[in-house]
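sequence first, predicted model second:
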Amino acid sequence: NAGVTQTPKFQVLKTGQSMTLQCAQDMNHEYMSWYRQDPGMGLRLIHYSVGAGITDQGEVPNGYNVSRSTTEDFPLRLLSAAPSQTSVYFCASSFQRGPQHFGDGTRLSIL
Amino acid sequence: SQQGEEDPQALSIQEGENATMNCSYKTSINNLQWYRQNSGRGLVHLILIRSNEREKHSGRLRVTLDTSKKSSSLLITASRAADTASYFCATEETSGSRLTFGEGTQLTVNP
């Protein structure tokens, strides 16, 4: 039982590049979400999904895209990386109205 | 804007002392959750309290919820150096199923 697995753990991009952050969970959770955490701030919700085929925007969705084709996977795509997207990204999953299980994060730097 | 606001932003105590952190929020909630984050790691769920509950215990943790004041507190008794971490409250609003996090309290427990 691996829980929530995020890859990669670290990534450096150049402005304008695109990439996909991977997130997978093996707990059969219907609810998955992506957050970003900037220094001195709490987590801000980017996108979330309440089940396969269903996604919705969070607080800071601009510049990011998501899809949920399976229960297990919830990838986050940066369409055209900008320095303002330098952050630590966390994926989380849960049953609805339950505690969230977090991955260890992806540390992303955009030059 | 953040739904939850923690107070204080930083707290430094000696081992064996109690630590109290407070969280205020703005809207009606289904539940309020507390999470812990060690440096460089993902968040770990500590305790969930539902809107119809007033107090909950888990080991050395005690959480209270006052929905009339829209506030919650987390008490860690007999603190240990290993309790050093950031602590976040998160609220699940009645208007939806997503969680909104506060900015956290950085707790330092000195040996």
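Thanks, I have the structure now.

who in chain B is up against chain A?
For chain B, the residues in contact with chain A (Cβ under 8 Å from any Cβ of the partner chain) are B:2, B:4, B:30-31, B:33, B:35, B:41-45, B:48, B:88, B:90, B:92, B:97-104. (Glycine included, C-beta is placed from N, CA and C.)

what residues does chain A put near chain B?
Counting by Cβ under 8 Å from any Cβ, the residues of chain A near chain B are A:4, A:31, A:33, A:35, A:40-45, A:48, A:50, A:58-59, A:90, A:92, A:96-105.

can you flag the buried ones in the residues you listed?
Buried by 16 or more other Cβ atoms under 10 Å in any protein chain shown: A:4, A:31, A:33, A:35, A:42-45, A:48, A:50, A:58-59, A:90, A:92, A:99-105, out of the residues of chain A next to chain B.

which ones among these lie within strands?
Counted as lying in strands by DSSP state E, out of those, are A:4, A:31, A:33, A:35, A:43-45, A:48, A:50, A:90, A:92, A:101-102.

nearest to B:Ser72 among these?
A:Leu43 (17.2 Å; Cβ to Cβ).

in the sheet, who's paired with the closest one?
Legend: beta-bridge partners of A:Leu43 under DSSP bridges are A:Gln37.

pLDDT wise, what is it at?
On the pLDDT scale, A:Leu43 is placed at 92.

residue contacts, it?
When contacts are counted by Cβ atoms under 8 Å, 6 or more residues apart in numbering or on different chains, A:Leu43 touches A:Tyr35, A:Arg36, A:Gln37, A:Phe90, B:Leu43, B:Phe88, B:Phe101.

out of these, who's the most crowded?
The most neighbours of any of these, using other Cβ atoms under 10 Å in any protein chain shown, belong to B:Leu43, which has 30 neighbours.

list the contacts for A:Ser84?
Here A:Ser84 is in contact with A:Ile110 (Cβ under 8 Å, 6+ apart).

phi, psi of it?
Here is the backbone geometry of A:Ser84 (degrees, to the nearest 10): phi -70, psi -10.

the one 4 residues further on too?
For A:Val88, the backbone dihedrals are phi -110, psi 130 (criterion: degrees, to the nearest 10).

what about it, distance to A:Val12?
Separation of A:Val88 from A:Val12 (Cβ to Cβ, to the nearest Å): 14 Å.

A:Ala24 now?
Counting by Cβ to Cβ - A:Ala24 and A:Val12 are separated by 23 Å.
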